[in-house]
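1. A predicted structure for the sequence below; I have some questions about it.
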Amino acid sequence: MKNPTGTKLRKTGFDGSGGSTHIRYDHKRRPNLIHIKCPKCGGLALAQDQVSEGNEFVGDLSQSWYESPFKITCTECPYRNEGVSYDGLTEPYHQFKGRGDILWAYNSTHLEMIYKYLKNVSVKGHPYEFYQTYIHGDWIKYKETYIKEIEKHLFKTRK
Ligand SMILES: [Zn+2]
């Protein structure tokens, strides 16, 4: 999946010296279900990892990273696809422009956690609680600008 914030994301120990032959990803864990932009209509498409089916998250060691486990179903047009790799995914559906780095989330549950965090609501016990360490400094620094955009988005999708 195309990372909206590119190289600014924290890397997980890869120093670029060739010490590791594995591709590094933005997060050590990704959810089993990712909300992406439909390649056809730009609407909300669900990317479901079928290798890790039944698990909420896919860890570093999962075989799924090396396979093409995603089944894509658009919720807004007839687009369907199967056998897509993580790198083959388009980009996150939930993206927000604020005054700093683009804020993005894997899916609406992840977004809800970030939103609560920015609103100073406790995320203790939230299934995505561990992702709070990946919340960018910019998102916190300029949180009012992101909160506004997220609220517009939530209102739109609840029509
Ligand atoms: Zn579509």
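-> Thanks, I have the structure now.
2. on the three-state scheme, Gln132 is what?
-> helix (DSSP: H, G, I helix; E, B strand; the rest coil).
3. what do you get for Ala47?
-> Bear in mind the rule, three-state DSSP; under it Ala47 is strand.
4. my understanding was that it contacts Lys37; is that so?
-> No: with contact taken as Cβ atoms under 8 Å, Ala47 and Lys37 are classed as non-touching, separated by 10.3 Å. The C-beta positions use only the backbone N, C-alpha and C, and glycine is treated the same way.
5. so for those two, which residue has more residues nearby?
-> Ranked by neighbour count (other Cβ atoms under 10 Å), Ala47 and Lys37 place Ala47 first, with 25 against 19.
6. which residues in this protein form strands?
-> With DSSP state E, the ranges of strands along the chain come out as 30-31, 33-37, 44-49, 57-58, 70-74, 80-84, 94-96, 103-105.
7. avg pLDDT for stretch 97-108?
-> On average, the pLDDT along stretch 97-108 is 95.
8. now do the buried residues in that stretch.
-> Of the residues in stretch 97-108, those buried by neighbour count under the rule 16 or more other Cβ atoms under 10 Å are Gly98, Gly100, Asp101, Ile102, Leu103, Trp104, Ala105, Tyr106, Asn107, Ser108.
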